[in-house]
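Enquirer: fold the following and give me the result.
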Amino acid sequence: MKYKIYDVFISYRRKGGKNYARIIKPELEKRQLSVFLDFDELKDCKFDKRIMDAIDSSPVFLIILSEGALDRCVDDDDWVRKEIVYAHERGKHIIPVVVDKTFDKIPSDVPQEIKEILGQHQFSNIDTDALLQPSIDMLVEDWIKPHIKVENVEENSPCLKVDSDMSCMVYIDDEFCGQAEANTLKKIPLLQGEYKLKFVTPDGKDSVVGVFEMPEKDKIYKVELLPIKQRREKAENFEVNGVSFKMIKVEGGTFLMGAPESDTDAYEDEKPRHRVTLSDYYIGETAVTQELWEAVMGDNPSSFPGADLPVEQVSWDECNTFITELNALTGKKFRLPTEAEWEFAARGGNKSKGYKYSGSNNIDEVAWYNENSDHTTHIVKTKQPNELGLYDMSGNVFEWCQDWYDDYNRGSQTNPKGASEGSFRVSRGGSWLDYARYCRVSLRRSSAPDNRDNNLGFRLAL
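Expert: Numbering: from 1, shown residues only. The predicted structure is shown next:
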């Protein structure tokens, strides 16, 4: 019997996840995606071949993380566990999707195998209420649809490398050049010149087309299809004293830092706008939570107590004491982000869409600020993320940066660290207490290093 080819396989826990699956499936189908979703009871407690065939035929494996979605994964015969493991073994592009605000992290008693598999992937969020359409659009555009990425790799002979999570047929100038298998590199020798690249999925349904120029004879270029393995490499998970947290990779790039002269909302210290180039780095998916602070420091200075709320009432000096302790526990070199790193990440890095706030021009979609906060901080990750999957970089709490506060200059800079000395440190992002104007991605604030506020926290960099 020949089975149908699907674009997306949806895995879910029947209790708590079924209704979300019913909402998501037709939305994906509206966007011309073929979706497998099995609402029938599977018999005999066996891993049904129909499920294996459906996972095999789907390049994308979407796991719905609703309340209790992973609770039964301790059982070797649990369906959700089997589906996750099977998809991982088959090299599928796994997308963990959080749909329920009661699911905020992987439970501690989940088997290590499942923690490691899901921990390799950056989580996505879908708001099944008012923001359903934009959150589904973001899921499809940023996580499911393939894109072309070309990068230079230093080697001796001119050729392309194709790296994809899904097998695809490769065409150059409409001539078939072979098939690239999933999760393997395919080298294609090329002479100097311009080429039309086309990548087609095995069923011939989906394709990506782009124009590429091979400008140098002594270089090798790598062509990647997104979503690809870098989706998994972009997030790193850490755990300290039983508390886990995630760092998101920010690929280096060049951007215009600050506000243009035409921005009437901008203050003078946001100008002049200037060109900044940054190398790769990692930044926290969220601000440091009270749970993480307590796991490292053993106390909680916050005015608004709550494990998943951002820690506040911490000075710049105390943040660096925390980081010293964290590095001793993990053997890593965590730090505060530079002001340039913070702004580049808040803008969405190389994926920036030029939003006024971090992730949207509609502040209510992405930020807790004075008009919607009810005069308090809020649990992290309850608003939409920005283009890089970072949460709350506008609103909730201001965030300390490493730099001394100083005026900008017009010159281009590479990996700037700010002034060598000063009286005040920089904080960015706005907070629950502030007007929308203070939550813009270019807004700057200065505070004494020993200052504490109930709207001031921090985010880690690495």
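
Enquirer: and the longest helix seen in the chain, how far out from the chain middle?
Expert: The helix spanning the most residues in the chain, taking DSSP state H as the definition, is helix 14-30. Centre-to-centre, helix 14-30 and its host chain are 22 Å apart (CA atoms, centre = their mean, to the nearest Å).

Enquirer: same thing with stretch 257-276?
Expert: Stretch 257-276 sits 27 Å away from the centroid of its parent chain (CA atoms, centre = their mean).

Enquirer: repeat for stretch 61-78
Expert: Computed by CA atoms, centre = their mean, the chain-centroid distance of stretch 61-78 equals 22 Å.

Enquirer: contacts for that stretch, please.
Expert: 8-13, 15-17, 20-21, 24, 45, 55, 80-81, 83-84, 87, 92-100, 102-103, 106-107, 109-111, 114, 118, 123 (CB atoms under 8 Å, 6 or more residues apart in numbering). Where C-beta positions appear, they are placed from N, C-alpha and C, glycine not excepted.

Enquirer: show me what counts as buried in it.
Expert: Phe61, Leu62, Ile63, Ile64, Leu65, Ser66, Ala69, Leu70, Asp71, Cys73, Asp78 (16 or more other CB atoms under 10 Å).

Enquirer: closest to Glu141 among those?
Expert: Set against Glu141, the nearest of those by CB to CB is Leu62 (14.7 Å).

Enquirer: before we move on, what SS does the closest one have?
Expert: Assigned with DSSP: H, G, I helix; E, B strand; the rest coil, Leu62 falls in the strand class.

Enquirer: for it, name its beta-bridge partners.
Expert: Ile10, Ile95 (DSSP bridges).

Enquirer: what does the pLDDT read for it?
Expert: Per-residue pLDDT puts Leu62 at 92.

Enquirer: quick check: it vs His121, distance?
Expert: To His121, Leu62 is 11 Å away according to CB to CB, to the nearest Å.

Enquirer: next one: Val60
Expert: For Val60 relative to His121 (CB to CB), the value is 11 Å.

Enquirer: then Glu343?
Expert: Glu343 is 26 Å from His121, by CB to CB.

Enquirer: circling back to that earlier point, joint contacts of Leu62 and His121?
Expert: Ile95.

Enquirer: going along the chain, name the helices of the stretch 1-150 of the chain.
Expert: 14-30, 49-57, 79-89, 112-119, 132-139 (DSSP state H, counting those that start in this stretch).

Enquirer: for the fourth one, output the C-alpha coordinates as CSV.
Expert: Extracted as CSV, the C-alpha positions of helix 112-119 are listed here (Å, rounded to 0.1, in the frame of the first residue of the first chain):
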residue,chain,number,x,y,z
GLN,A,112,16.9,12.5,29.6
GLU,A,113,16.5,11.1,26.0
ILE,A,114,13.5,13.3,25.4
LYS,A,115,15.1,16.3,27.2
GLU,A,116,18.1,16.0,24.9
ILE,A,117,16.1,15.7,21.7
LEU,A,118,13.8,18.6,22.4
GLY,A,119,16.6,20.6,23.8
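
Enquirer: pLDDT (mean, whole number) over that helix?
Expert: 86.

Enquirer: what helices or strands is it leaning on?
Expert: Under the contact definition 3 or more CB pairs under 8 Å, 6 or more residues apart in numbering; DSSP states H and E, helix 112-119 sits against helix 79-89, strand 93-98.

Enquirer: for the longest one, give me every contacting residue.
Expert: Outside helix 79-89, the residues that touch it by CB under 8 Å, 6+ apart are 9, 11-13, 42, 47, 51-52, 55, 61, 63, 69-70, 72-73, 75, 94, 111, 113-114, 117-118.

Enquirer: try 6 Å
Expert: Ser11, Arg13, Phe47, Ile55, Phe61, Cys73, Ile94, Ile117 (CB atoms under 6 Å, 6 or more residues apart in numbering).

Enquirer: can you check stretch 256-276 too?
Expert: Residues contacting stretch 256-276 (CB under 6 Å, 6+ apart): Ala340, Glu343, Tyr408, Arg410, Ser412, Gln413, Arg437, Ser442, Arg444.

Enquirer: most widely separated two among these?
Expert: For these, the farthest-apart pair by CB to CB is Ser412 and Arg437; their separation is 28.0 Å.

Enquirer: and the two? which has more neighbours close in?
Expert: Between Ser412 and Arg437, counted using other CB atoms under 10 Å, Arg437 has the larger neighbour count: 14 against 11.

Enquirer: pLDDT score for the closest residue to that one other than its chain neighbours?
Expert: Closest residue in space to Arg437, ignoring its immediate chain neighbours: Asp265 at 5.4 Å, by CB to CB, 6 or more residues apart in numbering. Note on Asp265: pLDDT of 94.

Enquirer: residues near Asp265, how many?
Expert: 13.

Enquirer: measure it to Tyr12 for me?
Expert: 43 Å.

Enquirer: care to break the protein down by domain?
Expert: Per automatic domain parsing, the structural domains of the chain span 8-143, 146-228, 234-458.

Enquirer: ranking the ones you listed by burial, who's on top?
Expert: Among the domains of the chain, domain 234-458 has the highest mean neighbour count (mean count of other CB atoms under 10 Å), at a mean of 19.

Enquirer: pull stretch 390-401 out as PDB, backbone CA atoms only.
Expert: The C-alpha trace of stretch 390-401 is given here as PDB (Å, rounded to 0.1, in the frame of the first residue of the first chain):
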ATOM      1  CA  LEU A 390      13.800  36.100  21.900                       C
ATOM      2  CA  TYR A 391      11.200  37.100  24.400                       C
ATOM      3  CA  ASP A 392      10.400  40.400  26.300                       C
ATOM      4  CA  MET A 393      13.200  42.400  24.800                       C
ATOM      5  CA  SER A 394      10.700  45.200  24.800                       C
ATOM      6  CA  GLY A 395       8.900  45.700  28.100                       C
ATOM      7  CA  ASN A 396       8.600  43.700  31.300                       C
ATOM      8  CA  VAL A 397      11.900  44.800  32.800                       C
ATOM      9  CA  PHE A 398      14.800  47.000  31.600                       C
ATOM     10  CA  GLU A 399      17.900  44.900  31.100                       C
ATOM     11  CA  TRP A 400      21.500  45.800  32.100                       C
ATOM     12  CA  CYS A 401      24.200  45.900  29.500                       C
END
